[in-house]
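J.: sequence and predicted structure, then a few things I'm wondering about:
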Amino acid sequence: MNVDLQAIGDRQEIAMLLARIAQLADAGDPGQYIDCFTPDAVWDLTDATDLPMDVQTISGRAALLAGVQERRAAGIQGPGTHTRHDVSSITVEVAGDRATARSYFRYYRGTDGIPTLAAMGVYADVFVRGESGWRLHRREISRG
């Protein structure tokens, strides 16, 4: 049996990056969150049904950081908002220094008591490996 340890390690690193992004969105430092993305990353919300946000496409770290700050100011995410992003059913395909992943997400509100599922859907992601390891290059967020 031929085992590709590099591919196994890459898949694990990407799965951990997905978890880190979710946790940093809820309770972490915005700078650390933004560092998880490539400088030219794209965040594409294709369906905002039941979310307190509009359909939007955000490009580049500066715009991503502004988006994080806006969502935190609006109480949509971040420390003290009692929200939680949960990621599961992750599949990752690696091809050299690029990878694609598909995962399910759930977004909860009221996590300081009985949580309410506010939204769920799919992340379709593209990752790029650079000098600092894997970074998220493109995220398409859909409800399907």
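T.: Right, received. Where do you want to start? Numbers count the residues shown, from 1 in each chain.
J.: buried set for stretch 58-78?
T.: 58, 61, 64-65, 67-68, 71-72, 76-78 (16 or more other C-beta atoms under 10 Å). Heads up, the C-betas are built off the backbone N, CA and C, glycines and all.
J.: chain center to that stretch: distance?
T.: Distance, stretch centre to chain centre, for stretch 58-78: 13 Å (C-alpha atoms, centre = their mean, to the nearest Å).
J.: contacts for it?
T.: 25-27, 30-31, 33-34, 37, 39-44, 51-53, 56, 79, 81, 83, 85 (C-beta atoms under 8 Å, 6 or more residues apart in numbering).
J.: how about the strands in the protein?
T.: With DSSP state E, the ranges of strands along the chain come out as 37-45, 56-59, 83-95, 98-109, 116-130, 133-142.
J.: can you lay out those as a markdown table showing distance to Gln12 and mean pLDDT?
T.: A markdown table is the format used below for the strands of the chain (distance: least, C-beta to C-beta, whole Å; pLDDT from 0 to 100):
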| stretch | distance to Gln12 | mean pLDDT |
| --- | --- | --- |
| strand 37-45 | 19 | 96 |
| strand 56-59 | 28 | 94 |
| strand 83-95 | 9 | 97 |
| strand 98-109 | 12 | 96 |
| strand 116-130 | 13 | 96 |
| strand 133-142 | 10 | 97 |
